[in-house]
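> turn this into a model:
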Amino acid sequence: MPAKPAPRRNVALVLLWTVALLTGWLVAVQAALIAFAHQGQWQWPSTYRAEVVEVFTDTSNAFTRDVYVTIDGELETITLPKPDAARLKPHDTIRVLDNFYATPLRPAQFILTPGRVLAEYPGIILILALLAIRLIRRSRWGLTPEPPPVPEAEKKVFRDTFHQRAQRHSENPSTNPPDALE
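Prediction:
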């Protein structure tokens, strides 16, 4: 009989499957945004340090803002999400993460934070969750231990006919020792 899993094992598996499904959904949404984007630009994701020179406050795009920055002494323009750009001031030093596919709805760059990395690259979390599910399912963690095996005794097999059996059991049980299973 297999051992029943403990509640903590089931809870861990349910949480991991929830994370896997949510991140899978997020990957699907990002793929749909890329598939239905009528214009966009692929770029290799990279990170770098930049110093803010000026933040444009034009309202031509409701989702992004252009920011003048210096990267290794060169003046360049990056496009950040509006909330990220709104809190920047000149001479701020920021770490920037390039987006892998920039569209008018998805800016070309982000301020590098752990939350942003996980939001923009949910495949990392998806792979980790699936690996953790596989690890838990293969391990004995959270399962009740199997009972130790019972050693089998030496069995005595009687091969007799009906009459021999009747004679064997017809003797007085009080005078004979009981049949041993040895």
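> tell me which other helices or strands the biggest helix by length in the chain touches.
The longest helix of the chain (DSSP state H) is helix 7-36. If contacts are counted by 3 or more C-beta pairs under 8 Å, 6 or more residues apart in numbering; DSSP states H and E, helix 7-36 sits against helix 123-138. All C-beta spots, glycine's among them, are computed from the backbone N, C-alpha and C.
> one step back: now the longest helix of the chain, how far from the chain's geometric center?
Its chain's C-alpha centre and that of helix 7-36 lie 8 Å apart, by C-alpha atoms, centre = their mean, to the nearest Å.
> give the buried residues for it.
9, 12-13, 16, 19-20, 23-24, 26, 30 (16 or more other C-beta atoms under 10 Å).
> same thing with stretch 52-71?
Buried residues in stretch 52-71 (16+ other C-beta under 10 Å): 52, 55, 64-69.
> now, among the residues you listed, which is nearest to residue 135?
Ranked by distance to residue 135 (C-beta to C-beta), the buried residues of stretch 52-71 are led by residue 64 at 40.4 Å.
> show me what contacts that closest one?
By C-beta atoms under 8 Å, 6 or more residues apart in numbering, the contact list for residue 64 reads 79-82, 85, 104, 107.
> okay, who's weakest in the residues you listed by pLDDT?
pLDDT across the contacts of residue 64 is lowest for residue 104, at 74.
> contacts only, for it.
With contacts defined as C-beta under 8 Å, 6+ apart, the neighbours of residue 104 are 39, 61, 63-64.
> now these in a markdown table, with distance to residue 158, pLDDT and secondary structure?
Below are the contacts of residue 104 laid out as a markdown table (distance: C-beta to C-beta, whole Å; pLDDT from 0 to 100; DSSP: H, G, I helix; E, B strand; the rest coil):
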| residue | distance to residue 158 | pLDDT | secondary structure |
| --- | --- | --- | --- |
| 39 | 89 | 85 | coil |
| 61 | 93 | 76 | coil |
| 63 | 88 | 82 | coil |
| 64 | 90 | 85 | strand |
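> pull the helix or strand with minimum mean pLDDT from the chain.
Across the helices and strands of the chain, mean confidence by mean pLDDT, DSSP states H and E is lowest for helix 162-170: a mean of 80.
> contacts for it?
Under the criterion C-beta under 8 Å, 6+ apart, residues 158, 160 lie in contact with helix 162-170.
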